[in-house]
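A.B. asks: Here is the input, now give the coordinates:
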Amino acid sequence: MQPKNKIKCLVVAMAVLSTSSFAATIIEKKAGTTVMGHFPYFESIGSRVIESSINDNGTLKISVGAKIEVPSYLYQYNSNTKSPLFNFGDQDNDVAAILGNPNPGQIPPALVPDKFTEVQWYIIEAMPGFRFADEPGTEKVIERWNDEQVKIIRKIEDEQFVNFFEGNQNSKALIVPEAAVGYRIGFWALPQTETGVPNAGNWVKVFDLGRLFTQKAPEEPGPGENPGLNPDNPNNPDPDPGCNNEKCGEPGGENPDGGGGIVPGENWVINIYDAMDPTKNDDDVLVKDTDILKVDHQYYATIRIRKATPTEGIGTVYRDPTPEELETLEWEILDTKDGNKPFASYKSSTNPTRVNNDAGSVTIGSETFKKYSFTTQATNDDALQVLKDKGPNFSEQGWGLGIKLEIQENYTEKP
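C.D. replies: From the prediction side, this is the model:
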């Protein structure tokens with residue numbers, strides 16, 4: 001009897017051993033869960049100027065009124081033809097969001113796009129201690145768009161300047177506003193797909209329109225870094241507004257048609273600030289045409305005058321006013337009810353406690369310029385007599401603000 005028991009025990013042991021040595025991959029999907037793919041990205045993206053008043057030997061340059069687009073309509077699904085201006089990447093082969101694309105390639109009818117490519121436009125400059133690659137100087141060259149390296153002057157949101165203009169219904173193009181003179185233009189674009197999870201990637205942040213930008217492909221499926229922080233879709237990556245990782249894009253090859261460089265003005269650039277603090281990225285506030293004067297408030301201005309001779313390899317360069325030009329500087333009070341016509345003004349020579357022609361300096365790009373200030377009345381008694389006599393407020397309140405300056409034409413700085 002004992003031998004039978006031994007055999008039985010041996011058989012059981014062998015069965016257990018055989019079960020434990022069997023290799024297998026177990027797959028499982030529970031109800032209510034989502035199978036993650038790869039988030040989309042841009043293998044290459046760039047802008048191009050399609051209309052401009054400046055044509056340099058066949059190349060359209062950035063200017064006030066120039067039209068710049070991100071040509072998302074160049075995308076073609078499942079095609080070997082790829083444009084460096086819009087080379088969309090998705091490792092799951094999901095269809096890009098390019099609503100209205102007239103030639104999307106071999107897209108299945110059920111996946112014809114119904115979302116456009118989101119593009120946001122900005123007026124920008126370099127933060128102190130940094131410069132753009134095409135600028136001279138010893139400062140560090142900007143490598144990525146974050147608060148340390150790039151300063152946002154203003155997001156351009158007015159539909160007069162940012163909209164679906166003719167020829168491109170896939171992404172909002174830009175008409176360069178006058179407010180951009182003396183600064184640069186940059187844009188953000190969001191890679192999105194019609195289907196798939198995640199269906200959006202990280203914003204690519206293009207701070208130099210003279211370069212093509214690229215994003216790194218995701219290393220594995222999933223929502224990327226910090227999932228759950230995107231309010232629109234928790235399965236999409238963190239939007240990463242601070243651009244603290246490399247997924248927001250890096251500059252690559254040159255893009256001569258993109259609209260890089262400083263937006264040139266006619267002969268001068270004057271910016272009036274409601275608030276100005278060069279130590280804080282978001283505290284500079286430009287005065288708008290519709291703003292009215294505040295009581296007991298200090299306004300600042302920068303005045304940049306185009307140098308007579310452009311700098312080789314850079315183009316337009318600006319200077320401060322000369323002492324003789326500053327003697328003509330006036331802060332004008334504008335009648336907002338009569339086409340912003342000036343009817344009173346303050347000068348340093350006659351109102352030294354109100355007008356300061358030496359209010360410090362500020363770094364714009366890689367250059368340092370002087371600041372000028374004007375302090376409004378504390379009480380009605382501080383106003384000029386012409387303002388005391390003019391209703392409805394009989395003071396400086398309720399009026400607009402402007403600057404007047406006489407410029408020396410063809411002035412050449414002494415070496």
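
A.B. asks: contacts and neighbour counts: CA atoms only from here.
C.D. replies: Will do.

A.B. asks: Give me the nearest residue to Trp161, chain neighbours excluded.
C.D. replies: To be clear, residue 161 is Phe; Trp isn't right here. Ile175 (4.7 Å; Cα to Cα, 6 or more residues apart in numbering).

A.B. asks: Just after the helix or strand bottoming out on mean pLDDT in the chain, pick out the following helix or strand.
C.D. replies: Using mean pLDDT, DSSP states H and E, helix 2-20 stands out as the lowest-scoring helix or strand of the chain, at a mean of 35. Where DSSP states H and E defines the elements, the next helix or strand beyond helix 2-20 is strand 41-45.

A.B. asks: distance between that next one and the chain's centre?
C.D. replies: Centroid separation for strand 41-45 versus its chain: 17 Å, with Cα atoms, centre = their mean, to the nearest Å.

A.B. asks: So which elements touch the helix or strand following it?
C.D. replies: For strand 41-45, the following helix or strand on the C-terminal side (DSSP H and E) is strand 48-51. Identification of packing neighbours for strand 48-51 by 3 or more Cα pairs under 8 Å, 6 or more residues apart in numbering; DSSP states H and E yields strand 59-60, strand 67-69.

A.B. asks: Now do the helix or strand just after strand 48-51: everything it contacts.
C.D. replies: Scanning forward in sequence from strand 48-51 by DSSP H and E, the next helix or strand is strand 55-56. Residues outside strand 55-56 that contact it (Cα atoms under 8 Å, 6 or more residues apart in numbering): Lys61.

A.B. asks: Centre of the chain to strand 55-56, how far?
C.D. replies: Using Cα atoms, centre = their mean, the offset of strand 55-56 from its chain centre is 25 Å.

A.B. asks: Next up, phi/psi of the residue nearest to Lys404 when sequence neighbours are not counted, please.
C.D. replies: Sequence neighbours aside, Glu330 is the residue nearest to Lys404 in space, at 5.1 Å (criterion: Cα to Cα, 6+ apart). Main-chain dihedrals, Glu330, degrees, to the nearest 10: phi -130, psi 140.

A.B. asks: which residues touch the closest residue to Glu143 other than its chain neighbours?
C.D. replies: Among residues not flanking Glu143 along the chain, Glu250 sits closest, at 6.9 Å (Cα to Cα, 6+ apart). Contact analysis of Glu250 by Cα under 8 Å, 6+ apart lists 143-144, 213-215.

A.B. asks: For Glu250, name its beta-bridge partners.
C.D. replies: Thr214 (DSSP bridges).

A.B. asks: Distance of it relative to Tyr183?
C.D. replies: 21 Å (Cα to Cα, to the nearest Å).

A.B. asks: Could you do Thr193 as well?
C.D. replies: In terms of Cα to Cα, Thr193 sits 33 Å off from Tyr183.

A.B. asks: Have a look at those two and say which one is more surrounded.
C.D. replies: In this view Thr193 and Tyr183 are compared by other Cα atoms under 10 Å, and Thr193 has more residues nearby, 28 against 19.

A.B. asks: Report the beta-bridge partners for that one.
C.D. replies: For Thr193, the beta-bridge partners are Ala96 (DSSP bridges).

A.B. asks: Show the pLDDT at it.
C.D. replies: We have a pLDDT of 86 for Thr193.

A.B. asks: Ok, Ser366 next?
C.D. replies: Taking Ser366 on its own, its pLDDT is 64.

A.B. asks: now swap in Asp283 and tell me
C.D. replies: Listed pLDDT for Asp283 reads 58.

A.B. asks: Same question for Gln385.
C.D. replies: Looking at Gln385, its pLDDT stands at 95.

A.B. asks: phi, psi of it?
C.D. replies: With angles defined as degrees, to the nearest 10, Gln385 sits at phi -60, psi -40.

A.B. asks: again, but for Ala180
C.D. replies: With angles defined as degrees, to the nearest 10, Ala180 sits at phi -90, psi -10.

A.B. asks: Setting aside sequence neighbours, what's the nearest residue to the residue most central in space within the chain?
C.D. replies: When Cα atoms, centre = their mean is applied to the chain, the residue found nearest the centroid is Tyr122 (3.3 Å). Excluding the flanking residues, the one nearest Tyr122 by Cα to Cα, 6+ apart is Lys155, at 4.4 Å.

A.B. asks: Run through the residues that contact that neighbour.
C.D. replies: By Cα under 8 Å, 6+ apart, the neighbours of Lys155 are 120-123.

A.B. asks: repeat that for 10 Å
C.D. replies: The contact partners of Lys155, by Cα atoms under 10 Å, 6 or more residues apart in numbering, come to 120-124, 185-187.

A.B. asks: who wins for most neighbours among these?
C.D. replies: Ranking the contacts of Lys155 using other Cα under 10 Å puts Ile185 first, with 29 neighbours.

A.B. asks: following the helix or strand that residue falls within, which helix or strand shows up next?
C.D. replies: According to DSSP H and E, Ile185 maps onto strand 184-189. Note on strand 184-189: by DSSP H and E, the next helix or strand toward the C-terminus is strand 204-206.

A.B. asks: Please identify the buried residues of that following strand?
C.D. replies: 204-206 (16 or more other Cα atoms under 10 Å).

A.B. asks: Any chance you could list what contacts that strand?
C.D. replies: Contacting residues not belonging to strand 204-206 are listed as 41-42, 44-47, 119-122, 144-146, 185-191, 212-215, 239, 241, 243, 246-251 [Cα under 10 Å, 6+ apart].

A.B. asks: circling back to that earlier point, highest neighbour count among the contacts of Glu250?
C.D. replies: Phe213 (28 neighbours).

A.B. asks: My guess is that one contacts Gly46. True?
C.D. replies: Yes: Phe213 is in contact with Gly46 according to Cα atoms under 10 Å; the separation is 6.4 Å.

A.B. asks: and among the helices and strands packed on strand 48-51, the most buried is which?
C.D. replies: Highest mean neighbour count of these: strand 67-69, a mean of 24 (counted as mean count of other Cα atoms under 10 Å).

A.B. asks: Who are the packing partners of that strand?
C.D. replies: When contacts are defined as 3 or more Cα pairs under 10 Å, 6 or more residues apart in numbering; DSSP states H and E, strand 67-69 packs onto strand 48-51, strand 162-163, strand 173-175.
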